[in-house]
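> got a predicted model here, sequence first, then my questions.
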Amino acid sequence: MGRVIAALVGSLRKDSFNRKIAEALAAAAPPGLTFKFVEISDLPLFNQDLEAAPPAPWTRFRDEVRAADAVLWATPEYNRSVPGVLKNALDVGSRPYGHSVFNGKPAAVISASMGAVGGFGANHHLRQSLTFLNMPTMPQPEAYIGAAHTLFGADGTLANESTRNFLAQFAGAFAAWIEKHALN
């Protein structure tokens with residue numbers, strides 16, 4: 001059965017390592033998984049007062065995530081946590097109260113950074129929020145991609161075979177996780 005994965009990338013940088021890792025993961029995924037990269041850069045900051053007439057980017061974002069079967073979160077680490085833009089997407093999607101587009105959707109978290117620990121702090125900080133949002137989050141394999149700046153060729157594609165193999169394993173495990181926890 002085909003599954004659509006909403007891919008949310010917490011880095012807005014044009015040459016984002018996390019976007020490249022998420023794209024490489026999508027390319028290594030088993031047949032039946034389709035990754036839809038959902039834009040978060042245009043989301044106005046969450047403000048409950050705006051719920052009376054939600055901004056169009058909020059509605060678009062919520063609709064795209066709602067239509068997905070699962071969510072892949074790809075995050076860099078900013079000050080031992082997730083970037084503000086990713087936290088804002090999490091807040092926009094979880095509101096209004098009782099109408100979270102994330103509720104019950106299987107999730108996986110992958111983090112990449114130039115440092116040796118590969119965004120460990122952000123990865124786990126994000127997992128705390130996903131638990132609250134009732135997203136069954138894949139526990140294994142964990143994915144902290146360190147030294148991300150060394151993994152790509154001049155053309156921006158993943159050049160590291162070991163990382164490519166790991167991403168294929170991760171994608172396969174995520175596919176099984178989605179089937180185990182699918183809402184439909």
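Now that the structure is in, tell me what you want to look at.
> so what pairs up with the spatially most central residue of the chain in the strands?
Nearest residue to the geometric centre of the chain (C-alpha atoms, centre = their mean): residue 73, 1.4 Å. Counting by DSSP bridges, residue 73 forms beta bridges with residue 8, residue 109.
> do the same with residue 36
According to DSSP bridges, beta-bridge pairing links residue 36 with residue 6.
> hmm, back to that, hang on, the residue nearest to the centre of the chain packs against residue 106?
No - contact criterion C-beta atoms under 8 Å: residue 73 and residue 106 do not qualify, at 11.6 Å. In this view, the C-beta of every residue, glycine as well, is placed from N, C-alpha and C.
> quick revisit: now the residue nearest to the centre of the chain: how far from residue 150?
In this view, residue 73 and residue 150 are 23 Å apart by C-beta to C-beta, to the nearest Å.
> what's the longest helix in this protein?
Across the chain, the longest stretch assigned as helix under DSSP state H is helix 161-181.
> how about it: buried residues?
For helix 161-181, burial by neighbour count (16 or more other C-beta atoms under 10 Å) applies to 163-164, 166-168, 170-171, 173-175, 177-178, 181.
> what's the closest of those residues to residue 22?
Residue 22 lies nearest to residue 167 out of the buried residues of helix 161-181, by C-beta to C-beta, at 9.4 Å.
> tell me who's in contact with the closest one.
Neighbouring residues of residue 167 by C-beta atoms under 8 Å, 6 or more residues apart in numbering: 21, 24, 25, 28, 158.
> try residue 116
Shown in contact with residue 116 (C-beta under 8 Å, 6+ apart): 146, 147.
> do residue 5 as well
Contacts of residue 5 (C-beta under 8 Å, 6+ apart): 26, 33, 34, 35, 36, 68, 69, 70, 71, 72, 174, 178.
> if any of the residues you listed are buried, put those into a PyMOL selection.
Selection of buried members from those for PyMOL, criterion 16+ other C-beta under 10 Å:
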select buried, resi 26+33+35+68+69+70+71+72+174+178
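> show me how far the longest helix of the chain is from its chain's centre.
14 Å (C-alpha atoms, centre = their mean, to the nearest Å).
> what do you get for stretch 11-23?
Distance, centroid of stretch 11-23 to centroid of chain: 11 Å (C-alpha atoms, centre = their mean).
> show me where this protein has helices.
Here the chain has its helices, by DSSP H, at 17-28, 56-67, 84-94, 120-132, 161-181.
> low-confidence stretches in this protein?
1 (pLDDT under 70).
> contacts only, for the residue nearest to the centre of the chain.
8, 10, 86, 107, 108, 109, 110, 126, 130.
> great, nothing more from me.
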